[in-house]
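Student: 3D, please:
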Amino acid sequence: MAITANGLINDDRFCGENIVQFFLYLPFGVALLALRTILALILWIASILLPNSLTVRHLLSTFACWTFGVYVKVKGCKDSKCCVLVANCVSCLDSLAVSHALGSISLKKWKVPPFFASTLGIKNAAQFNRKQHFADCPTKPLLLQPEGGATNGKGLLKFTDWPFQIGNRVQPIAITVKRPFTNVTVHRPTDSRDKFPWSDALWFLWTPVTVFHVTVLPAMERHDDDDDAFSQRIRAGIAQELGVRILDI
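Tutor: Below is the predicted model of the structure:
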């Protein structure tokens, strides 16, 4: 059966089968939300006051994972010769999970406060200078998620956003995410892809834990492929690892 665009989005927040468990957890979730909101304020202040060093950024990344209840499981090893990582998109905090696990930065078009972007490993796509980045941070790979938006993980969208040539050696990343009670990403007709989904991020604070499974696949060489052919090979590798279909939408 063919998957439509509507089949790749979640309209409902609740995803559990036992709604009684959801309501039993509700008061604990509210208390956890209040506590994590305080932690988020502390994180905001710390990001402003502390120096912008590698050690501090890693510390803030760890603190951000605690604040949002993000737990990352990594399978595979990062190729030290790869400066570009390409992954599917499943949530607004993919960049935090991959940045914490692999030390990457992510390009996003979302308009978010600078402290929030740096803590989550996000770099403004319009302000990114590839040559300058790899000259200043040669060991910090760039994470690209060229689907253009998050899905529920039932299929892999066309890679539509290739702002520059991605290089001759790229490492694919397959991301899956699980958590109890609620869906990670929920789309609404009024949602805009260039605005950060704050409502989705808020539910990270309420949920006890969100587990990211990050699978690092073997690096791929371009050989004689053009950009389109190379991206299709990368997309096929990610789809095979996830066990989902490659879609033309």
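Student: so Gly103 is in contact with Cys137, correct?
Tutor: No. Between Gly103 and Cys137 there is no contact, the gap being 9.3 Å when judged by CB atoms under 8 Å. The way it works is simple: take the backbone N, C-alpha and C, and place the C-beta from them, glycine included.
Student: okay, and the common contacts of those two?
Tutor: Counting by CB atoms under 8 Å, 6 or more residues apart in numbering, no residue touches both Gly103 and Cys137.
Student: element containing the closest residue to Met220 other than its chain neighbours?
Tutor: Spatial nearest neighbour of Met220, excluding adjacent residues (CB to CB, 6 or more residues apart in numbering): Val170 at 5.5 Å. According to DSSP states H and E, Val170 maps onto strand 169-178.
Student: run me through the strand neighbours of that strand, direction for each.
Tutor: Taking DSSP bridges as the criterion, strand 169-178 forms sheet pairs with strand 84-87 (parallel), strand 210-216 (antiparallel), strand 220-221 (antiparallel).
Student: now do the contacts for the residue nearest the centre of the chain.
Tutor: With distances taken as CA atoms, centre = their mean, the residue of the chain nearest its centroid is Asp94 (1.4 Å). The contact partners of Asp94, taken as CB under 8 Å, 6+ apart, are 87, 106, 145, 150, 175, 212.
Student: return the residues in contact with the nearest residue to the last one once chain neighbours are set aside.
Tutor: Taking CB to CB, 6+ apart as the measure, Phe212 lies nearest to Ala97, with 3.9 Å between them; neighbours along the chain are not counted. For Ala97, the contact set (CB under 8 Å, 6+ apart) comprises 65, 70, 72, 175, 177, 212, 214.
Student: show me which pair in those residues is furthest apart.
Tutor: Farthest apart among the contacts of Ala97 by CB to CB are Cys65 and Ile175. That separation is 14.9 Å.
Student: what about Asp226, neighbour count?
Tutor: Neighbour count of Asp226, defined by other CB atoms under 10 Å: 9.
Student: now find how far off-centre stretch 168-180 is within its chain.
Tutor: Using CA atoms, centre = their mean, to the nearest Å, the mean C-alpha position of stretch 168-180 is found 8 Å from that of the whole chain.
Student: quick check: buried residues in stretch 47-57?
Tutor: Buried positions in stretch 47-57, judged by neighbour count with 16 or more other CB atoms under 10 Å: 47, 57.
Student: excluding chain neighbours, what is closest to Leu96?
Tutor: That would be Leu120: by CB to CB, 6+ apart, it lies 4.5 Å from Leu96.
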